[in-house]
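Participant: Using only what follows, build the 3D model:
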Amino acid sequence: MNQEKSKAFNYELDFKKTDFRKNPELYRIGKGEQGVLLVEPYKSEILPHWRFKTPEIAQESSEYIYGLFLDYLRQNDFVGADMARKFLQMGYTRSRRYANHRTGQKYKGPVPDDKKGQSGAHGRDQLPLDPDPVKAESARIFKEKWDEAKENDTYKKLMAEFRSKYES
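Facilitator: Next up, the predicted model:
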C-alpha cells in the first residue's frame with residue numbers, strides 16, 4: 001500500500017496523554033515528518049539528541065539517532081523506528097533550510113494569522129538565498145543516515161506489517 005492510500009496523520013488525538021508505545025494502533029505514519037514533535041514517548045527519547053549546528057554535531061546526532069532507530073527495529077517497535085526516521089529526515093530538512101537561509105527565514109514577513117501551522121509561502125515573497133556551507137554539510141550528513149533508515153529492509157518489512165494491521 002502506498003502512502004497516498006494510507007490513513008492520514010491524526011492531529012485530533014490528545015498527544016499529551018497518549019503513549020504510542022502502549023497504543024501503536026493510534027499512530028499514523030502520515031507524510032514526511034508529520035507528528036515528529038508530538039508522538040510520545042519517542043519525542044522525549046529522541047529530541048534531546050537532535051542537533052545540527054555544525055557537521056561534527058550533526059555527525060554525532062545522526063549516528064546516535066540512527067542507533068536508536070536500529071534499537072527500535074531490534075525491539076520490533078515500528079513506531080519508534082519511524083519516529084527516529086522522521087528525526088533524521090527533519091535533521092536534513094532543517095539543516096537545508098539554514099544552509100539556504102542563514103537566519104532560517106525562507107519568506108519575507110510573518111505568516112498570516114489564518115495560515116499559522118501550515119506550510120507554504122501564503123503569498124509572501126521568498127527571501128534571496130544566503131548560503132551557509134557548514135549547514136549544507138550538516139544536511140548531507142543527516143541525509144545519508146535518513147537514506148540508510150528509509151532503505152533498511154527490516155524497517156520496510158515492519159512498515160508493511162504496520163500498514164496492513166493498522167492502516168488498511
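Participant: can you pull out the helices in the protein?
Facilitator: Per DSSP state H, the chain carries helices over the ranges 42-46, 55-74, 78-100, 133-151, 153-162.
Participant: Out of those helices, which one sits most buried?
Facilitator: Scoring these by mean neighbour count under mean count of other C-beta atoms under 10 Å gives helix 78-100 as the most buried, with a mean of 23. Every residue, glycine included, has its C-beta placed from N, CA and C.
Participant: Quick test: name the residue nearest the centre of the protein.
Facilitator: In the chain, the residue lying closest to the centroid (C-alpha atoms, centre = their mean) is residue 86, at 2.6 Å.
Participant: nearest to residue 125, of the helices of the chain?
Facilitator: Distance to residue 125, taken as C-beta to C-beta, is lowest for helix 78-100 among these, at 14.8 Å.
Participant: where are the low-confidence patches of the chain?
Facilitator: Residue ranges of the chain with pLDDT under 70: 1-6.
Participant: Return the residues in contact with residue 43.
Facilitator: By C-beta atoms under 8 Å, 6 or more residues apart in numbering, the contact set of residue 43 is 36, 37, 83.
Participant: Brilliant, that's me finished.
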